[in-house]
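>>> Fold the following.
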Amino acid sequence: MEPVHHDLAGGPAFEPMIQIDMEIKAFVSVWRHCDYVSTYMARMISQNRSDSVRHSNLFSSAFNELLEVVFRTRHADGELACRVSRHGATDRIELILPCVPEERRFYEEAVSQVAGIEARERYLNSVSGDLAPSREVVLLELAVDYNATLRLEEADGDAIKLVVDLPLEGLRN
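Numbering: from 1, shown residues only. Coordinates of the predicted model:
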């Protein structure tokens, strides 16, 4: 049996797999970048999963949703870093993105809304309307449909780090 490695906070260590960095201006210049980046990264990390096609499709869909939230950013300068790491059945997406104070408040509020037992009810209420899904609803969807956990961490400068853990290998839906 292999020993379990832990990070500095005492949690299991996630092994880095792949990272893509790009200027946020370049990323938000073309909507299709969301699909290109998510599809590429999904194919790269899904090769050794029990059902690599299923895993790639689920990961690409979830990651694309996250990138579409980032795409709507109001910050025009800085770098977007997309990192994927893994521990067991869970893939971790870390997005470090430039963030103005209003965007930071949006992410803080949205991430706080995805935690707790009310998340499913909020999500179901939000998708029952006729409006297109908001950025908040997209994050709720990840928590409810993909069993994702989301949190924010501090990053250098005017940036935030959005961390999303996706237990896709064990997902039964």
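
>>> Quick check, pLDDT for residue 31.
pLDDT for residue 31: 90.

>>> which residues touch the residue lying closest to it once chain neighbours are set aside?
What sits nearest to residue 31 in space, not counting adjacent residues and going by CB to CB, 6 or more residues apart in numbering, is residue 71, at 6.7 Å. Heads up, the C-betas are built off the backbone N, CA and C, glycines and all. Neighbour list for residue 71: 27, 28, 31, 33, 34 [criterion: CB atoms under 8 Å, 6 or more residues apart in numbering].

>>> was I right about residue 168 contacting residue 89?
Yes - counting by CB atoms under 8 Å, residue 89 is a contact partner of residue 168 at 7.5 Å.

>>> quick one: the helices in the protein?
Remark: helices assigned in the chain by DSSP state H are 24-27, 33-45, 52-71, 101-114, 118-127, 135-145.

>>> The fourth one vs helix 52-71, what angle?
Between helix 101-114 and helix 52-71, the angle formed by their directions is 140 degrees, by axes from the mean of the first three to the mean of the last three CA atoms, to 10 degrees.

>>> ok, back up a step: of residue 168 and residue 89, which one has the most company?
residue 168 (23 against 13; other CB atoms under 10 Å).

>>> How about the more buried one: what's its closest non-neighbour residue?
residue 58 (4.9 Å).

>>> what about the one you found, distance to residue 25?
Distance from residue 58 to residue 25, counting by CB to CB, to the nearest Å: 30 Å.
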